[in-house]
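J.: Please find the sequence and the predicted model below.
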Amino acid sequence: MPLDPPALPPEITVFERGWLSANNVLFHGRGATALIDSGYCAHAAQTVALVESGLQGRPLDRLFNTHLHSDHCGGNAALQARWPQLVTHIPPGQWDQVQAWDPVALSYEPTGQDCPRFRADGRLMPGSEVALGGSAWQVHSAPGHDPHAVLLFEPRTRVLISGDALWENGFGVVFPELDGAHAFADVGATLDLIERLQPLTVIPGHGSVFGDVPAAIARARRRLAGFEADPVRHARHAAKVLLKYKLLEWQQAPLAQVQAWLAATPYYARLHGRYFADRSAGQWMAELIQELVDGGAARCEGEVLHNA
């Protein structure tokens, strides 16, 4: 039987969003209000409405991002427009790229995703603490999925906000590994950190809040071992994840549009050249589409690809 997580403190509300948008964690107890992660830009109006409903007339004072992938910070600009006094903190590793607004270095253009420009007011520093809902939350570095990611841990209730470092059934694509870094080791080190923290409850970046943390860590380690043994499998998984993500945004698109997007998205050229150069780019892209269909993540009706 799955282990139910302990009830979250009353000052925390989790908006579980699915996969196009990361979950949002709202703090609305004593002191300043705060939100962890803001979802994807296509859902920005819904994010603002959810936060407004949760705050019941109070302003949103602070916004924190666990990392700067577009599904975690794509709503930042809309929240800043709704609450102009909002103070936004980001992990320090991409501070300069945000200040200069470099959508290439921030991964948005290479992955074919969108993120409206937002303002960063402060750094969410690993090794520090932040006051959220009347409690002191530790900030820990959590590289692997993203080299600059952080996670947040409250030691009294042992609640962990893990971002994409740990889900109930895995973790996020290890993008630095695809760029040539030895980042699988970072994933393992972050899992070691989470194991040492011994959380009772995990609020993941995607999926439901969960409590059987040892089982989740064990599943993540098995997944990691599989990717380490077969890096090409991880690269193929990443390619399909990025395509599925775009399909979640589109919901449906002509196959010609899908193929044009794949051809125009720099990350696919990079993956093809590094891992799949034994076949033409067109053949590889057709294989990816077919694998999504065969796996039940998409369906083809005539010349149109639909999300499934």
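T.: Now that the structure is in, tell me what you want to look at.

J.: Tell me the confidence at the residue nearest to residue 16 when sequence neighbours are not counted?
T.: In space, and not counting its chain neighbours, residue 16 is closest to residue 23: 5.4 Å by CB to CB, 6 or more residues apart in numbering. No exception for glycine: its C-beta is placed from N, CA and C like everyone else's. pLDDT, residue 23: 98.

J.: Which residues are in contact with residue 23?
T.: 14-17, 37, 203-207 (CB atoms under 8 Å, 6 or more residues apart in numbering).

J.: let's see 7 Å
T.: 14-17, 37, 203-206 (CB atoms under 7 Å, 6 or more residues apart in numbering).

J.: Save the residues you listed as TSV, and put in distance to residue 51 and secondary structure too.
T.: Output for the contacts of residue 23, formatted as TSV (distance: CB to CB, whole Å; DSSP: H, G, I helix; E, B strand; the rest coil):
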residue	distance to residue 51	secondary structure
14	12	strand
15	8	strand
16	14	coil
17	12	coil
37	11	coil
203	16	strand
204	19	strand
205	17	coil
206	19	coil
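
J.: so how far is residue 96 from the residue nearest to residue 16?
T.: Distance, residue 23 to residue 96, using CB to CB, to the nearest Å: 28 Å.

J.: likewise residue 40?
T.: 24 Å.

J.: Between the two, which is the more surrounded one?
T.: Comparing residue 40 with residue 96 by other CB atoms under 10 Å, the one with more neighbours is residue 40, at 27 against 10.

J.: ok, now which ones touch the more buried one?
T.: 20-21, 70-71, 74.

J.: possible to save those residues as a markdown table with neighbour count?
T.: Listed next are the contacts of residue 40 as a markdown table, based on neighbours: other CB atoms under 10 Å:
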| residue | neighbour count |
| --- | --- |
| 20 | 21 |
| 21 | 27 |
| 70 | 25 |
| 71 | 29 |
| 74 | 28 |
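
J.: For those residues, give me TSV that also has distance to residue 147.
T.: Below are those laid out as TSV (distance: CB to CB, whole Å):
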residue	distance to residue 147
20	23
21	22
70	16
71	17
74	20
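
J.: Mind checking which of those residues land in strands?
T.: Using DSSP state E, no member of the contacts of residue 40 falls in strands.

J.: Kindly write the PyMOL command that selects the buried subset of the contacts of residue 23.
T.: Buried subset of these, written as a PyMOL selection, criterion 16 or more other CB atoms under 10 Å:
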select buried, resi 14+15+17+37+203+204+205+206
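
J.: in the helix or strand harbouring residue 236, what counts as buried?
T.: Using DSSP states H and E, residue 236 sits in helix 231-250. Residues of helix 231-250 classed as buried: 234-240, 242-249 (neighbour count, 16+ other CB under 10 Å).

J.: Can you give the strand pairings for the helix or strand following it, parallel or anti for each?
T.: Per DSSP H and E, the first helix or strand lying C-terminal to helix 231-250 is strand 252-254. Sheet pairing for strand 252-254, assigned by DSSP bridges, gives strand 304-307 (antiparallel).

J.: buried set for the partner strand?
T.: Buried-residue list, strand 304-307, by 16+ other CB under 10 Å: 305, 307.

J.: what does it contact?
T.: 247-248, 251-255, 258, 289, 298-299.

J.: Could you list the low-pLDDT ranges of the chain?
T.: Within the chain, the ranges that satisfy pLDDT under 70 run 1-3.

J.: all strands of it, in order?
T.: Using DSSP E, strands in the chain cover 12-15, 24-27, 34-36, 62-64, 87-90, 122-123, 129-132, 135-141, 150-154, 159-163, 201-204, 252-254, 298-301, 304-307.
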